[in-house]
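> next one to model:
(one chain, ligands or ions: 1)
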Amino acid sequence: MAMFREHIAIGAIVAAVGVAVCYFYALVTDPLLLVILFLVTTVASFLPDLDSDSGLPFHLIFGTFTVFCTGVALYYTLDAGYGDWRVLLGVPLAAMLFTWIVLGGIFKHFTRHRGMMHSIPAMLIAGLATLIIARDLGQGEIVSTVLAAAVGAGYLSHLVLDELYSGINLDGSIFHPTRALGTALKFFSSSKGANLFTYAILTVLAYTAFG
Ligand SMILES: [Zn+2]
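Numbering: from 1, shown residues only. Okay, here's the model as predicted:
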């Protein structure tokens, strides 16, 4: 487990390289999109640690996720053309509470630190979900693919860093890996349920994206 600071630093470096490459090859030229690309890559670089239940990292990561879900809910509510202020306020607020309390609770309950959130299929899920959301938000195929690749790259940087610093926890304390948890760059964990759930989501997303 590399420390939180290192994850953000490496994520930001990967993000900066990605932005430079995209700009150089004119894949993305819109300055706002380049900023979003940078942010999305950096956030993805600490996304796997959503499975750490306590303290600043969980709150920061799940807080970011909650803000994102609230924003998406607001976008769809505005897009659907509801004029009633109660709907405009109520739907994003409901999405926020649902994400923070319900999804947060489920996450805490079902994830194990360095379980399947730290795996190659989880990285693919993050990338595919980004691809689907970006397309849904009206981005073209190139921009959607670039954003998905950015999330994948940020996520992968986290897994690689965890693999290199496998003995240190998020807060710098010593992490005692059990055999059951395996490595960060894995395809399966020892939990059959977690494997099944992960690959089921991956299959659904792959079908939605390319089916
Ligand atoms: Zn991690």
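> what parts of this structure come near the ion?
Pro48, Asp49, Asp162 (CB under 5 Å from the ion). For glycine as for every other residue, the C-beta is placed from the backbone atoms N, C-alpha and C.
> and of the residues you listed, the nearest to Gly105?
Asp49 (17.6 Å; CB to CB).
> report the buried residues of stretch 123-143.
123-131, 133-135, 139, 143 (16 or more other CB atoms under 10 Å).
> equivalent analysis for stretch 86-98, please.
Neighbour counts over stretch 86-98 (16+ other CB under 10 Å) mark Val91, Pro92, Ala95, Met96 as buried.
> out of the residues of the chain next to the ion, which is most surrounded?
Neighbour counts for the residues of the chain next to the ion, by other CB atoms under 10 Å, peak at Pro48, which reaches 28 neighbours.
> residues contacting it?
Listed by CB atoms under 8 Å, 6 or more residues apart in numbering, the contact set of Pro48 reads Met117, His118, Ala122, Tyr155, His158, Leu159, Asp162, Ala184.
> which members of the residues you listed are the farthest-apart pair?
Spatially, the most separated pair among the contacts of Pro48 is Ala122 and Asp162, at 12.1 Å (CB to CB).
> which other residues reach the host helix or strand of His109?
Assessed by DSSP states H and E, His109 sits inside helix 104-110. With contact meaning CB under 8 Å, 6+ apart, helix 104-110 is reached by Leu50, Asp51, Asp53, Phe58, Phe62, Thr66, Ala194.
> for the ion, state which of those is nearest.
Asp51 (7.7 Å; CB to the ion).
> determine the number of other residues adjacent to that closest one.
21.
> I figured it was touching Ala122, is that so?
No: Asp51 lies out of contact with Ala122 (CB atoms under 8 Å); the separation is 9.4 Å.
> thinking Thr145 is in contact with Leu128, fair?
No: using CB under 8 Å, Thr145 is not in contact with Leu128, being 11.1 Å away.
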